[in-house]
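Visitor: structure for the following, please:
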Amino acid sequence: MLRAAGKALRSPRPSAWRSTAPVTINHHMANPSVAPIAAPFASAGVPSLADFADHRAAYAGIPMSYLLAQWTMLRTIALPGAVPLSMKALEVSSRIGATRLMESMVRATAFRVFCGGESMQELESVLQMLRQKDVLAVLNYAVEDEGGTDAALENNTQRIIDTVEAAAQHGGTVPFACLKPTAIAPASLFTRMTALIEAQRLANPDAPGALTFDRMQHIDVPAHSMPSAVDPASLAAVQPLTSEEQGQLSRALDRFARVCDSVQKHNLLLLIDAERSYQQPAVDMMYRWCSATYNQHTRRVYNTYQTYMLDANARIADEVRWCKRNGTHLGAKVVRGAYMHEERERAARLRIASPIQRDFAATTASYDTAMEQLFAFPDADLFIATHNVHTCMRAAQLMQQMRIPNDKVFFAQLYGMCDEVTFTLARFGYRVAKYIPFGPVDGVMPYLVRRAMENRDIMGAAVSSRKLLCREIGARAASA
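Guide: Residues are numbered from 1 along each chain as shown. This next block holds a predicted model:
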């Protein structure tokens with residue numbers, strides 16, 4: 001199998017995955033962002049564990065070369081030390097001037113499996129494949145200039161808008177754009193704003209009220225508790241934003257507005273990524289600022305809730321209250337989280353309480369509660385981002401029990417991960433998307449390594465995917 005896998009990694013990407021069965025495109029894919037949504041619940045029921053384990057149905061029409069390449073990468077990433085070693089190799093290659101060699105290696109391996117291509121033109125074959133499997137796409141131009149200068153932030157903003165315009169050309173099958181807040185505003189600004197928010201909340205725990213951030217006076221400070229978001233020893237010395245920081249904030253709001261305007265113009269949806277605990281309250285205020293304008297009549301902008309954070313359910317409850325008071329819709333992307341290891345290390349370094357759930361079971365319980373909270377709010381729409389089969393089953397059960405319209409929920413998985421989950425949900429009539437990073441290999445390499453570090457627990461847990469891939473590869477080889 002390893003020899004065949006090596007050959008698969010060297011072979012070109014298929015022009016499309018051609019299914020041998022007739023393709024049926026769901027009508028709800030044509031325009032998923034129209035609101036208000038009043039579509040009836042429509043699915044083929046709740047998939048069982050046996051349905052998710054049906055490798056023949058999941059991988060129907062997918063080329064053998066791709067299956068081998070995916071199995072090889074998932075197996076490699078799961079090896080102890082593989083991800084840290086990749087980070088070290090990236091650093092060394094940059095230092096000794098061997099970046100071209102590293103780019104070639106990445107292009108033939110991780111990039112091929114986990115990225116859609118280097119350009120929108122290369123993405124076309126991937127998008128065609130997804131359409132044939134009745135799956136939507138979320139595009140993420142994964143080259144981020146984190147220099148923090150205005151020129152870099154403006155460049156990132158324009159890239160996001162360009163991706164929005166490209167997504168709009170695909171007739172509803174690419175309904176989302178992505179926005180990482182620290183790609184269009186300085187990370188230091190979110191850190192400073194969060195420190196001010198926490199200081200205000202400590203001073204007035206029962207009624208934190210509003211802060212005098214320019215252009216945001218009408219936005220309430222999030223009322224939930226953020227455990228150890230900021231080093232308590234530093235809060236007493238927190239000073240108001242300087243005139244320079246106020247200027248950064250004003251320019252950041254302008255960039256948020258430009259992206260939201262583009263999304264609204266093209267009738268798409270926007271996913272705002274989560275940031276670290278010591279930046280997230282400021283991101284929440286930015287989301288509310290956007291929501292007050294763009295979520296008045298429909299959900300247009302989605303905030304992200306990381307359920308490995310101890311305060312996730314309190315954040316959601318507070319956001320629901322805020323939406324009810326202000327008459328806005330709530331777009332909510334629910335994830336387990338991306339910065340767990342970094343957050344724990346930071347808390348240990350500062351000798352403060354960790355803001356992270358004690359274990360995976362507690363995180364899952366928080367995730368289930370988050371879905372229940374959001375399903376109970378009629379003006380909420382969910383983006384359920386998970387690779388966990390049991391979480392998908394629980395979501396489907398709740399949708400059935402609570403009569404949640406199918407058009408109010410999206411499921412999503414990373415491109416190159418857990419195809420059996422994605423394609424099974426699509427087969428049962430749920431709206432499901434692949435989150436697809438793309439961009440030049442040299443620019444995407446840091447993103448790939450960062451995501452691998454952030455998600456190394458998920459990568460290591462992809463045992464079921466590897467087993468199903470192995471069964472499908474074996475079955476095809478036996479029948480050849």
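Visitor: which parts of the helix or strand where residue 346 lies are buried?
Guide: Assigned by DSSP states H and E, residue 346 falls within helix 340-350. Neighbour-count burial for helix 340-350 flags 340, 343, 346, 347 (criterion: 16 or more other Cβ atoms under 10 Å). Every residue, glycine included, has its C-beta placed from N, CA and C.
Visitor: name the nearest residue to the second one, sequence neighbours excluded.
Guide: When you say that, I think you mean residue 343. residue 356 (5.4 Å; Cβ to Cβ, 6 or more residues apart in numbering).
Visitor: check what pLDDT the one you found gets.
Guide: Note on residue 356: pLDDT of 92.
Visitor: what is it paired to in the beta sheet?
Guide: Residue 356 has the following beta-bridge partners by DSSP bridges: residue 309.
Visitor: using TSV, lay out the buried residues of helix 340-350 together with pLDDT.
Guide: Listed next are the buried residues of helix 340-350 as TSV, based on pLDDT from 0 to 100:
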residue	pLDDT
340	85
343	90
346	90
347	90
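Visitor: can you report how many residues neighbour residue 480?
Guide: The burial metric for residue 480, expressed as a neighbour count using other Cβ atoms under 10 Å, is 6.
Visitor: cool, residue 45 as well?
Guide: Residue 45 is flanked by 11 other residues according to other Cβ under 10 Å.
Visitor: how many neighbours does the residue lying closest to it once chain neighbours are set aside have?
Guide: In space, not counting the residues next to it along the chain, residue 45 is nearest to residue 428; the distance is 6.7 Å by Cβ to Cβ, 6+ apart. Counted with other Cβ under 10 Å, residues neighbouring residue 428 total 16.
Visitor: and what of residue 278?
Guide: The number of residues packed near residue 278 is 22, by other Cβ under 10 Å.
Visitor: please apply the same query to residue 328.
Guide: Other residues close to residue 328 by other Cβ under 10 Å number 24.
Visitor: that one: helix or strand, and which one exactly?
Guide: Since the elements are taken from DSSP H and E, residue 328 ends up inside neither a helix nor a strand.
Visitor: ranges for the helices of the stretch 101-250 of the chain?
Guide: Secondary structure of the stretch 101-250 of the chain (DSSP state H, counting those that start in this stretch): helices located at 110-114, 120-132, 150-167, 181-184, 187-203, 232-235, 243-265.
Visitor: picking up where we left off before, for the residue nearest to residue 343, what are its contacts?
Guide: Applying Cβ atoms under 8 Å, 6 or more residues apart in numbering, one finds that residue 356 lies in contact with 308, 309, 310, 337, 340, 343, 344, 347.
Visitor: tell me the secondary structure for the closest residue to the first one other than its chain neighbours?
Guide: Closest residue to residue 308 apart from its sequence neighbours, by Cβ to Cβ, 6+ apart: residue 337 at 3.7 Å. Put simply, residue 337 is coil when judged by DSSP: H, G, I helix; E, B strand; the rest coil.
Visitor: what about residue 337, distance to residue 312?
Guide: Separation of residue 337 from residue 312 (Cβ to Cβ, to the nearest Å): 9 Å.
Visitor: could you pull out the strands in this structure for me?
Guide: Remark: strands assigned in the chain by DSSP state E are 136-141, 176-179, 269-272, 301-306, 330-335, 380-385, 409-414, 432-438.
Visitor: how many other residues sit next to the nearest residue to residue 274 once chain neighbours are set aside?
Guide: Excluding the flanking residues, the one nearest residue 274 by Cβ to Cβ, 6+ apart is residue 304, at 3.9 Å. By other Cβ under 10 Å, 23 other residues sit near residue 304.
Visitor: quick one, what contacts residue 304?
Guide: In this structure, residue 304 makes contact with 271, 272, 273, 274, 332, 333, 334, 335, judged by Cβ under 8 Å, 6+ apart.
Visitor: please name the bridge partners of it.
Guide: With DSSP bridges applied, the residues forming beta bridges to residue 304 are residue 333.
Visitor: tell me how far it lies from residue 127.
Guide: Residue 304 is 24 Å from residue 127, by Cβ to Cβ.
Visitor: do residue 372 as well
Guide: Using Cβ to Cβ, we find residue 372 at a distance of 34 Å from residue 127.
Visitor: between those two, which one's more packed in?
Guide: Neighbour comparison, residue 372 and residue 127: the larger count goes to residue 127, with 23 against 14 (by other Cβ under 10 Å).
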